[in-house]
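1. give the three-dimensional model of this entry:
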Amino acid sequence: MKFVYLKNFLVIFFVIFFTGNIIFAQDNIYRIKLVVNDLPVEQTFTLISVNGNNMDPIDSTKSQNGVINFIYSKPLANGQYSISWENDRKYIDFLFNNEKYIELHTSHNDPIANLEVIASQENKYFVDYLRMKNELLYVVNLGDQIYSKNPNDPRLQMIINKVDSLNNEINNFSKKIPNDLLAYKVIKATVPPSIDEYNSSHPESPYKDIKTFYKKHWFDNIDKQDSTLVNTSVIYDAVKFYLQNLVEPQDTNQYKKAVDFILSQFSWNDKQYNYVLNLLLNTFYIPELEPVFLYIYFNYMNDTQCNGSVADENYRKAMMITKLRKGVDAPELSGISTDNQTFKLSSFLGKPIFLIFWAPDCYHCKTVMPFINNLYEKYNNSIEFVGFAIDKDMQAIIDAANEEKIKFKVITDLQGYDGENCLRWFVWGTPTFFIIDKNGKIFSSPYSYEGIEQDLENVLN
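-> This next block holds a predicted model:
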């Protein structure tokens, strides 16, 4: 009898002990579970963090019977995430805010419409909001289509009324959410501020028209103290809307004023401020708006110093614009070719030069090379083509050049971005293009396919 009792005791002990340890261990586990009901084949699912318009893959896993699990011993950074599959053609969005267990169910055929929250307080609100947002976007896009065909179409007033109704619905919905949730801050940030509410609380200085009100208060519903909002799309969307719809006329001077206002709105939080600053720099780094980029850089990044690292991307952009502008002497470029011959750019003076900085592991370089090869076939009798490879491994450069079937001369200094050639040319990324005239002066630094070919024609003429 004693043996039986002892055995039973041991069984109970081990059950309690191991169960307790499993439960204890799970206290340090964060799990995101997605069930896709009609998945046709098992495949790879990717977890993506959302930072404005940047979608950064951070993990991937294979599905098993349509079940996908992402499991971590430490929490993810709080913010907005996506899970994508079928080469990013399918995806769902959700929020993570320190919840230990998130479970979502959906269908493969229509994952957004059929997304269902099984476990997650944050996402029960967020997914309901996404449905309202998708309806709002559909109505707005319909209005844009009608307006493009006929700005006086009487149906536009119905569209405006429907947009107002949906915005009010989202606004009322946001007020029902506990304000300690990330979902509350994310959803509230997307609601346009109310001119009626403002005027009723500020009767001494009311606004008479909605556009003037928006120009001063568009960012009012964004929590300026919460750094987590940088890890969502709400700040990016708000800034994008402001620049596209509330800047009139859309010229250099008005954009500079808009930059000053936008940065003043986000000056309360360093993380938000730095995010918006970099967002504006990236937005205005295009040929026709380079004066705005330089205005931002020299007025808001005057503490930035170049330390010879590619991390100083905005410094190199600013210097490329100011020091390698049209008409200045092209810096020297030297190195060795893939067949071990020494090379100096200055030795090719006398005819125009097309120069591309590229890297073996650069996806966009692979995309553009067939186009550059075609240009070489067309212009190589009158223009010298040179590809400067940024890498420290000659064999990797040779292999990539062969793989891309590069037809023109490839040179390198095997020093990467911190080599003296990249520093002289202020190269911050690849591919980067320059066209040099026959006298050795910078002719252009084109951004687009069309710009490259047009400038090659122009430099010959």
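2. low-confidence regions, the stretch 51-200 of the chain specifically.
-> Scanning the stretch 51-200 of the chain for pLDDT under 70 picks out no residues.
3. ranges for the helices of it?
-> 121-149, 155-174, 182-189, 195-201 (DSSP state H, counting those that start in this stretch).
4. closest to Ile102 out of those helices?
-> Nearest to Ile102, of all those, is helix 121-149, at 6.5 Å by C-beta to C-beta. The C-beta positions use only the backbone N, C-alpha and C, and glycine is treated the same way.
5. so which elements touch the closest one?
-> Packing contacts for helix 121-149, counted by 3 or more C-beta pairs under 8 Å, 6 or more residues apart in numbering; DSSP states H and E, involve strand 90-96, strand 101-106, strand 116-119, helix 155-174, helix 182-189.
6. angle of it against helix 155-174?
-> Relative orientation of helix 121-149 and helix 155-174, computed by axes from the mean of the first three to the mean of the last three C-alpha atoms, to 10 degrees: 170 degrees.
7. what inclination does helix 121-149 have with respect to strand 90-96?
-> Put simply, helix 121-149 runs at 130 degrees to strand 90-96, going by the same axes, to 10 degrees.
8. quick one: contacts for the nearest residue to Tyr300 once chain neighbours are set aside?
-> Residue nearest to Tyr300 in three dimensions, not counting chain neighbours: Leu277, with 6.0 Å by C-beta to C-beta, 6 or more residues apart in numbering. By C-beta atoms under 8 Å, 6 or more residues apart in numbering, the residues touching Leu277 are 263, 296, 300-301.
9. any chance of the helices of the stretch 51-200 of the chain in TSV with mean neighbour count as columns?
-> Shown next, in TSV, are these (neighbours: other C-beta atoms under 10 Å):
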stretch	mean neighbour count
helix 121-149	16
helix 155-174	14
helix 182-189	23
helix 195-201	13
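10. out of those, which is closest to Gln454?
-> Checking the helices of the stretch 51-200 of the chain against Gln454 by C-beta to C-beta gives helix 121-149 as the closest, at 28.0 Å.
11. quick check: buried residues in the host helix or strand of Phe45?
-> Element membership of Phe45, judged by DSSP states H and E, is strand 44-51. For strand 44-51, the buried set under the neighbour-count rule, 16 or more other C-beta atoms under 10 Å, comprises 45-51.
12. same check, this time on stretch 245-255
-> Neighbour-count burial for stretch 245-255, counted by 16+ other C-beta under 10 Å, picks out 246-247, 255.
13. which ones among those residues lie within helices?
-> The helices, defined by DSSP state H, take in Tyr255 from the buried residues of stretch 245-255.
14. could you check how far the residue nearest to Ser267 when sequence neighbours are not counted is from Met301?
-> Nearest residue to Ser267, sequence neighbours excluded (C-beta to C-beta, 6+ apart): Tyr273, at 5.6 Å. Counting by C-beta to C-beta, to the nearest Å, the gap from Tyr273 to Met301 is 12 Å.
15. quick one: which of the two has more around it?
-> Ranked by neighbour count (other C-beta atoms under 10 Å), Tyr273 and Met301 place Tyr273 first, with 18 against 15.
16. so who does the more buried one touch?
-> The contact partners of Tyr273, taken as C-beta under 8 Å, 6+ apart, are 263, 266-267.
17. list just the nearest of those residues to Ile321.
-> For the contacts of Tyr273, the closest approach to Ile321 (C-beta to C-beta) belongs to Leu263, at 20.2 Å.
18. check which residues of the strand or helix carrying that closest one are buried.
-> According to DSSP H and E, Leu263 maps onto helix 252-265. Neighbour counts using 16+ other C-beta under 10 Å place 255-256, 258-259, 261-263, 265 of helix 252-265 among the buried residues.
19. contact partners for the spatially closest residue to Ala258 that is not a sequence neighbour?
-> Leaving out its chain neighbours, the residue that sits closest to Ala258 by C-beta to C-beta, 6+ apart is Val247, at 4.8 Å. Going by C-beta under 8 Å, 6+ apart, Val247 touches 254-255, 258.
20. tabulate those (JSON lines), appending distance to Phe343 and pLDDT.
-> Below are the contacts of Val247 laid out as JSON lines (distance: C-beta to C-beta, whole Å; pLDDT from 0 to 100):
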{"residue": "Gln254", "distance to Phe343": "46", "pLDDT": "97"}
{"residue": "Tyr255", "distance to Phe343": "41", "pLDDT": "98"}
{"residue": "Ala258", "distance to Phe343": "45", "pLDDT": "98"}
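21. put together a markdown table for the residues you listed, with distance to Lys326 on each row.
-> Listed next are the contacts of Val247 as a markdown table, based on distance: C-beta to C-beta, whole Å:
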| residue | distance to Lys326 |
| --- | --- |
| Gln254 | 26 |
| Tyr255 | 22 |
| Ala258 | 27 |
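22. how close does the residue nearest to Ser267 get to Leu279?
-> Counting by C-beta to C-beta - Tyr273 and Leu279 are separated by 11 Å.
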